[in-house]
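[1] Below are the sequence and a predicted model for it; my questions follow.
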Amino acid sequence: MPRLPALLVVLALAGCGTGGRVDDNVSTGNGRQLFIEKCGSCHTLADAGTRGTIGPNLDHAFAAAVKEGFDESTMREVVLGQMRFPIAPMPKPEELFPAGEYTDEEREAAMEAIAAYVASVAGRPPTQGSATGGTSTDASDPKTLFVSNCGSCHTFSAAGTSGTIGPNLDQTSIDVAAIEEQIRKGGGGMPPFEGTLTDAQIAALAKYIAESR
């Protein structure tokens, strides 16, 4: 059973159990964009260009399984199991995909697309055209910065995000300096982004939130 230790590492690092089998024919579809919007601010995944620190680094979590040659279907089951039966602070499926925006079938399809995408890229070098391989995430594109780093935790209409882990930013009234300080230092369950984002990116992101709400 040479692959068992690697599988146990995947399950432990991802914080997962099993959640039923995944259809081997599921396409990644829009899984990358859904991952960025719904999961990116909590998880690091090189191909998506996300650097969240609240949840596990998915490249690290699945590196051993990739090295051991696990089928993608096995890794999809792990990801989908965690999404269907999350461990706090990961939100429940109906929080990530609210009933007002998704039918039950659409919610399941979205989770399967995310799981298929993660299984196809985690623990591997970013694909050409991925966020770390060409998509702009610099200070001139604060909406992309927000979606990639903040969107899965915060609702913000201007960015089209509906995260429920952190405050609804449409309802906040703090000024741009306070927003910048919060992004930089974190606190209240939010990770600090100083050292992850540049000073210019943090300033642009704070200005975008203050002016777009």
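    Perfect, I can see it now. Numbering: from 1, shown residues only.
[2] What sits closest to residue 179 if chain neighbours are left out?
    Closest residue in space to residue 179, ignoring its immediate chain neighbours: residue 206 at 4.2 Å, by C-beta to C-beta, 6 or more residues apart in numbering. Yep, even glycine has a C-beta here, placed from its N, CA and C like the rest.
[3] Please disregard the earlier target; I meant residue 166.
    residue 153 (4.2 Å).
[4] Packing partners of the helix or strand harbouring the residue nearest to residue 179?
    Assessed by DSSP states H and E, residue 206 sits inside helix 199-212. Where contact means 3 or more C-beta pairs under 8 Å, 6 or more residues apart in numbering; DSSP states H and E, helix 199-212 is packed against helix 142-149, helix 176-185.
[5] Can you pull the phi/psi pair for the closest residue to residue 86 other than its chain neighbours?
    Spatially, and ignoring its direct neighbours in sequence, residue 86 is nearest to residue 92 (6.0 Å; C-beta to C-beta, 6+ apart). Per-residue torsions, residue 92: phi -70, psi 160 (degrees, to the nearest 10).
[6] Quick check, pLDDT for residue 92.
    The model reports residue 92 with a pLDDT of 92.
[7] tally of neighbours for it?
    Residues near residue 92, counting by other C-beta atoms under 10 Å, number 13.
[8] thinking again about what came up before, got a list of what the residue nearest to residue 166 touches?
    41-42, 54, 163-166, 190 (C-beta atoms under 8 Å, 6 or more residues apart in numbering).
[9] can you list contacts of stretch 163-176?
    In contact with stretch 163-176 (C-beta under 8 Å, 6+ apart) are residues 38, 41-42, 54, 89, 91, 95-96, 150-157, 179, 182, 189-190, 206-207, 209-211, 213.
[10] Name the residues of it that are buried.
    163-167, 169, 172 (16 or more other C-beta atoms under 10 Å).
[11] any idea how far that stretch is from the chain center?
    Offset of stretch 163-176 from its chain centre (C-alpha atoms, centre = their mean, to the nearest Å): 19 Å.
[12] do stretch 195-210 as well
    How far stretch 195-210 lies from its chain's middle: 19 Å, per C-alpha atoms, centre = their mean.
[13] Moving C-terminal from the helix or strand of the chain with the lowest mean pLDDT, which element do we reach first?
    Lowest mean confidence among the helices and strands of the chain (mean pLDDT, DSSP states H and E): helix 4-14, at a mean of 45. Next helix or strand after helix 4-14 toward the C-terminus (DSSP H and E): helix 31-38.
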